[in-house]
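Engineer: What follows is a predicted structure for the sequence shown.
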Amino acid sequence: MGDEKSRRIDGALSGLIKNLTSSLPDEDEADAEERLRRAVQLGKSILHGHDDSVDLSDVNQAPDLIKKKLLRENTSPDKAVRFSNLYSRLLTQPVLSQKWKILYLLHRLVEPDAETDVPRDLMQARPTPTHGPPLEADTRTLNIGKQSRNSTPSADEGSPSYTGMLTRESHGMNRPRVNGHNEEDAGREGEKKVVSSAVSVPALDTTDAARPSEASLLRDLPFTLQGLSSKNLPFSPPSTLILPPSLPLPLISLLHALAEPSLLYRSLSDFVQSQAEGLVSQSLRAAISSELRSYLGLIATLEGEIRRAIASLSEDESRGRIGKAGVTLKRCVVWTREATMGLRLMSLMAEESKSQKGGQLISMIHGFSSSHGDPFVGAFAERMLVHVTRPFYDMLRQWIYDGELADSYHEFFVTEHDPRSNPDTDVDPRRAPASSVWEDKYKLDDGMVPSIIAEDFARKIFLIGKSLNFIRYGCGDSAWVEAYSKDASRELRYGDTATLETSIDKAYKTTMARLIHLMDDKFQLFEHLRALKKYLLLGQGDFIALLMESLASNLDRPAGSQYRHTLTAQLEHAIRGSNAQYDSPDVLRRLDARLLELSHGEIGWDVFTLEYKVDAPVDVVITPWASKQYLVVFNFLWRIKRVEFALGSTWRRCMTGARGVLANVSDRLGRDWKVARCCIAEMIHFVNQLQYYILFEVIEASWDQLQAAITKPDCTLDDLIGAHTKYLKAITHKGLLGSAKVSSTGNREDSFTSQLHQILKLMLAYKEAVDGLYSFSVAEFTRKQEFSAKIETRTAQGKWGITGKDEEDLRSPSPAMTRRETRNGIDRNTDSPFPISGGSGEDQMLPSLRTRLRDLSADFTSRVNTLLGDLAYQPDVDMRFLGVVMNFNDVYSPKRKRREHHRSDRDRRTPGNPGESVVDAGEGGPKAEGKKAEQ
């Protein structure tokens, strides 16, 4: 029976050794069999050498040792009681016969000591191959420094809770190389980067004198963990730790694990002592320094345990029985595992911080807390953030309570604009002047917003500080800012989210309310907006009517004969004669009359304009761009008002003359006046509808939207600026003041502004032609009166009332008519707006007037049809409604410009006979005149 058991043991041992050993290159079969035989003999000697290591008479020794261990390592006896229950159940199992030996083996595996290691005689008894050099331990390296930025910390394989933290560094032992070849090492070396720190193991020396004991290694371990050289574990060079050459592989593996915190500590110590660029970077170094002090406290505790363990053993026992004292290298690895994880995290943070600062650095550290699954990593990052974010929260507190930016290293997410950095940069005309601190002084840098603050929250913080700064410097209310800062200021720190949100919300409401109050009450912003609407958008009707009536005679003269003092005097007269006199003196003081740039051939109507002056801080809302938009709208409305005034005066003259002068010439000019009155009425209807649309459908509707936007409870200055800009854009777009567009064919299309200017110019030309017809009618009436008086005189004298010579004189113009023509600008020898062909008398003048009136009326109708056709296809419903009210009785035939067909027709025309298309009817001469007027 015993022989059978021995054969089974020998067979299992031989099979195990055969599987574990590998063949050597250039080794013949005899040498391989000899090497295998010697290895089997070595295994048998190990087995037989440990047979008497336990007293076989006491089978309860192993359970007692395990109970003592559990009671010694645990304050509660629960684990020992549980073991007793499990051991009782084990004894009832009949399958296993050597139960106490199994327990003893498990006990020795858990608590190895010097006796369980490979004996020295076995080290010397190891077979050496007959061919090839002796076995050597390869040099091993340990990367601790420059890790990939995308890598995350990872724990040792023995601790599942640390999985996924840092990219795992290889701390295992490389296999010995035979004949200097190792394929795995060769492949790995090709992929490795430059190693900053390493652990080096020189060639293995198997002599007993060169091998340090575990006790001596434990004695040197506290110095090694602090990055200091010792007798057995020196640093040479400073980035490389030299391990003893004679240690077995298990101890080399343990020392590799213990070398990692040593090298990380040296690297972090150098980082802490380096120069920091920024307050947040300095706080990171301070936080790492605090963690390193905690690490040194752990080393001090470990050193005390090691000294007590060594002191409890005698000189002979310290070499081989150090495990019984409770301190081993494996336990030191377990005790320093958590500290090693912290050092790994800090090393990664230190490496990443070299390319980041401020909010970016805080976001990087916060990423470990918010997006990592390991509880240890999250807790460690949170602890680091408490220290790192202190400068950030100090800057935040000063920004939201004082309105001052204390950021010397540009680490905050609010940046201050330096005008000297970009002196040649063009300034956006929509923004306030450089004196304003609202638009240009501070900017929000989205890239520096830390992840601990939401985007909307950061925007709110930015507005708080900018508003306080604007109140202090732009509005001159620094006393309120100082009082507010003194009452509301409180300490802000990381982790107190509820307090931070409450403080930010309260500060936001307080500062916004104060700023809007100052703009409304102290600087009368809303009053200025109403004044702009009344005077520049023609909302004050009586003032505009009186101003136009008083300026009409002056503005009919050439632009070069206009004088500003005359215009200013007429403006004062209009103010005193209308309800404008009851406005605030500050508003009336800002209203002024001025002349635009003069051009050749212009009259006063073309260069006159009103101006409303604003100053800081109101110019933040009413910017130079906004003032220019107001000027454009006023000039357009002023031209419409002028046409209305001119047509109205001509209509009144026609209506009053119809009962006197015109009634006496109705036999010859009655039809002409009927057509003229119908056309004037048509033009007046067009102007009235256009004026009603712009003043009420556009300006009043946009004004209501502006009022609703600026009276909201949570309205900010940015909201007010945006609402005012939207208000002006709506007026210019819906008020037919859009810029000209370029069609798909590359041709410039006439905008609504250009079309309306041409139509208004046609109306003025038609008004002048009607005035010429009225002058002709008055001359004709005068001739008839003179002829009737001459007939009565001759009849009283007993002569014939009319002769042949008198009939010829009746058909020729009288001297009175010639003088009236000269006085009204109808000169046959000059370039008048009423061209009359050569010759004299009514045979040439009256047909010319009729042709002029007919052509202007046809051109007006054609352009209105085109305008109505374009309005019918507008996406805005109000603009389509304008076309409907202008053509409510379908008197016009709207037609849209057929640009593509027009281009094709133009291409088909021959150069000698250009022809004329239906679309372009009536757009010959007036179109060029309209472009000239637009320029």
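Structural biologist: On my side now, so go ahead.
Engineer: CA only for contacts and neighbour counts going forward, please
Structural biologist: Will do.
Engineer: any low-confidence regions in the protein?
Structural biologist: Using pLDDT under 70 as the threshold, the predicted model of the chain has low-confidence ranges 1-2, 49-59, 111-210, 314-325, 419-437, 738-750, 801, 804-843, 897-935.
Engineer: okay, now the domains of it?
Structural biologist: Under the TED database, the residue ranges defining each domain of the chain are 1-22+29-48, 60-97, 214-315+323-355, 378-419+434-522, 524-615, 623-738+751-802+843-898.
Engineer: Would you format those domains as JSON lines with distance to residue 108 included?
Structural biologist: As requested, those are exported to JSON lines (distance: least, C-alpha to C-alpha, whole Å):
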{"stretch": "domain 1-22+29-48", "distance to residue 108": "15"}
{"stretch": "domain 60-97", "distance to residue 108": "10"}
{"stretch": "domain 214-315+323-355", "distance to residue 108": "11"}
{"stretch": "domain 378-419+434-522", "distance to residue 108": "36"}
{"stretch": "domain 524-615", "distance to residue 108": "89"}
{"stretch": "domain 623-738+751-802+843-898", "distance to residue 108": "75"}
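Engineer: and of the ones you listed, who's closest to residue 368?
Structural biologist: Relative to residue 368, the nearest member of the domains of the chain by C-alpha to C-alpha is domain 378-419+434-522, separated by 6.0 Å.
Engineer: mind listing the strands for the stretch 401-550 of the chain?
Structural biologist: Using DSSP state E, counting those that start in this stretch, the strands found in the stretch 401-550 of the chain span residues 414-416, 442-444.
Engineer: Output those strands as JSON lines; include the columns distance to residue 546 and mean neighbour count.
Structural biologist: Written out in JSON lines, the entries for those read as follows (distance: least, C-alpha to C-alpha, whole Å; neighbours: other C-alpha atoms under 10 Å):
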{"stretch": "strand 414-416", "distance to residue 546": "50", "mean neighbour count": "18"}
{"stretch": "strand 442-444", "distance to residue 546": "47", "mean neighbour count": "17"}
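Engineer: Dump the ones you listed to CSV, plus distance to residue 93.
Structural biologist: Output for those, formatted as CSV (distance: least, C-alpha to C-alpha, whole Å):
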stretch, distance to residue 93
strand 414-416, 75
strand 442-444, 75
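Engineer: mind checking which of those strands is nearest residue 500?
Structural biologist: With C-alpha to C-alpha, the closest approach to residue 500 among the strands of the stretch 401-550 of the chain belongs to strand 414-416: 18.0 Å.
Engineer: in the helix or strand hosting residue 280, what counts as buried?
Structural biologist: Secondary structure assignment for residue 280, by DSSP states H and E: helix 279-311. By neighbour count with 16 or more other C-alpha atoms under 10 Å, helix 279-311 contains the buried residues 279-289, 291-292, 295-296, 298-299, 302-303, 306, 309-310.
Engineer: With stretch 361-368 instead?
Structural biologist: 361-366, 368.
Engineer: Could you dump those into JSON lines and include secondary structure and distance to residue 753?
Structural biologist: Below are those laid out as JSON lines (DSSP: H, G, I helix; E, B strand; the rest coil; distance: C-alpha to C-alpha, whole Å):
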{"residue": "361", "secondary structure": "helix", "distance to residue 753": "55"}
{"residue": "362", "secondary structure": "helix", "distance to residue 753": "55"}
{"residue": "363", "secondary structure": "helix", "distance to residue 753": "53"}
{"residue": "364", "secondary structure": "helix", "distance to residue 753": "56"}
{"residue": "365", "secondary structure": "helix", "distance to residue 753": "59"}
{"residue": "366", "secondary structure": "helix", "distance to residue 753": "57"}
{"residue": "368", "secondary structure": "helix", "distance to residue 753": "61"}
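Engineer: which residue sits closest to residue 867, ignoring its sequence neighbours?
Structural biologist: Nearest-residue entry for residue 867: residue 755, 7.1 Å, with adjacent residues in sequence omitted and distances by C-alpha to C-alpha, 6 or more residues apart in numbering.
Engineer: next one: phi and psi at the closest residue to residue 518 other than its chain neighbours?
Structural biologist: Counting by C-alpha to C-alpha, 6+ apart, the nearest residue to residue 518 once its immediate chain neighbours are dropped is residue 475, at 7.6 Å. Dihedral angles of residue 475 (phi, psi; degrees, to the nearest 10) stand at phi -100, psi -10.
Engineer: Look up how far residue 397 lies from residue 475.
Structural biologist: 22 Å (C-alpha to C-alpha, to the nearest Å).
Engineer: before we move on, the earlier item: any chance of TSV for the buried residues of stretch 361-368, columns distance to residue 702?
Structural biologist: Formatted as TSV, the entries for the buried residues of stretch 361-368 read as follows, by distance: C-alpha to C-alpha, whole Å:
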residue	distance to residue 702
361	47
362	46
363	44
364	48
365	50
366	47
368	51
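Engineer: closest to residue 889 among those?
Structural biologist: Nearest to residue 889 out of the buried residues of stretch 361-368 is residue 363 (C-alpha to C-alpha; 68.7 Å).
Engineer: In this structure that closest one contacts residue 450, no?
Structural biologist: Yes: Residue 363 is within contact range of residue 450, at 4.9 Å (criterion: C-alpha atoms under 8 Å).
Engineer: Could you list every helix and strand in contact with the longest helix belonging to the chain?
Structural biologist: Among the elements of type helix in the chain, defined by DSSP state H, the one spanning the most residues is helix 752-796. Judged by 3 or more C-alpha pairs under 8 Å, 6 or more residues apart in numbering; DSSP states H and E, helix 752-796 is in contact with helix 624-657, helix 661-664, helix 666-692, helix 815-823, helix 842-871, helix 925-934.
Engineer: what angle do that helix and helix 842-871 make?
Structural biologist: Direction vectors for helix 752-796 and helix 842-871, defined by axes from the mean of the first three to the mean of the last three C-alpha atoms, to 10 degrees, enclose an angle of 150 degrees.
Engineer: CA atoms only: put the helix or strand hosting residue 47 into PDB for me.
Structural biologist: Under DSSP H and E, the secondary-structure element containing residue 47 is helix 29-49. The C-alpha atoms that make up helix 29-49 are tabulated as PDB, following Å, rounded to 0.1, in the frame of the first residue of the first chain:
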ATOM      1  CA  GLU A  29      18.200  14.600 -25.400                       C
ATOM      2  CA  ALA A  30      20.600  13.100 -22.800                       C
ATOM      3  CA  ASP A  31      21.200  16.400 -21.200                       C
ATOM      4  CA  ALA A  32      17.500  17.100 -21.000                       C
ATOM      5  CA  GLU A  33      16.800  13.800 -19.400                       C
ATOM      6  CA  GLU A  34      19.600  14.400 -16.900                       C
ATOM      7  CA  ARG A  35      18.300  17.900 -16.000                       C
ATOM      8  CA  LEU A  36      14.800  16.500 -15.500                       C
ATOM      9  CA  ARG A  37      16.100  13.700 -13.300                       C
ATOM     10  CA  ARG A  38      18.000  16.100 -11.100                       C
ATOM     11  CA  ALA A  39      14.900  18.400 -10.800                       C
ATOM     12  CA  VAL A  40      12.800  15.400  -9.700                       C
ATOM     13  CA  GLN A  41      15.400  14.500  -7.100                       C
ATOM     14  CA  LEU A  42      15.300  18.100  -5.900                       C
ATOM     15  CA  GLY A  43      11.500  17.900  -5.500                       C
ATOM     16  CA  LYS A  44      11.700  14.600  -3.600                       C
ATOM     17  CA  SER A  45      14.300  16.100  -1.300                       C
ATOM     18  CA  ILE A  46      12.100  19.000  -0.600                       C
ATOM     19  CA  LEU A  47       9.100  16.800   0.200                       C
ATOM     20  CA  HIS A  48      11.000  14.400   2.400                       C
ATOM     21  CA  GLY A  49      12.900  17.200   4.100                       C
END
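Engineer: List the buried residues in it.
Structural biologist: Neighbour-count burial for helix 29-49, with 16+ other C-alpha under 10 Å as criterion, is recorded at 32, 35-36, 38-40, 43.
Engineer: next one: stretch 642-655
Structural biologist: 642-648, 650-651, 654.
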